[in-house]
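1. Need the 3D shape of this:
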Amino acid sequence: MNVIRHFSDTRTDEGRVRILVQSGRLVLEAEGPGWHHRSVHADLGDVTLELAWLPGLGARLYGDVMEDVARQVQLDGAAPECGGTDLPGAA
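-> Modelled structure (predicted):
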């Protein structure tokens, strides 16, 4: 069975970013006016790095996503089925 779990879902007037857990992988879906992105990653660090490079993603939305991801990691303790939660720049 292929169960999809929402890890994070952030929406602002700039766009929407969802991080989904599916079959042990993280799926990043991001969209805004005139653009859409979807990619699959092994861990949360790769997801956040990919987000940082998306040309259509503004700084405010990126910041909101990072806050939500940090909150989810704190609540869940980690995303164990996805190989870890090392975030770029985290101490």
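2. what sits against His30?
-> Residue 30: Ala, not His. Contacts of Ala30 were listed using CB atoms under 8 Å, 6 or more residues apart in numbering, and they are Gly15, Arg16, Val17, Arg18, His36, His37, Arg38, Leu51, Leu54, Gly56, Leu57. C-betas here are computed from N, CA, C, even on glycine.
3. Using neighbour counts, trim those residues to the buried set.
-> When neighbours are counted using 16 or more other CB atoms under 10 Å, the contacts of Ala30 contain these buried positions: Gly15, Val17, Arg18, His37, Leu51, Leu54, Leu57.
4. quick one: which of the residues you listed is nearest to Asp68?
-> Using CB to CB, Val17 comes nearest to Asp68 of these, at 8.5 Å.
5. The closest one reaches Leu28, doesn't it?
-> Yes. Taking contact to mean CB atoms under 8 Å, the distance of 7.4 Å between Val17 and Leu28 places them in contact.
6. Thank you, goodbye.
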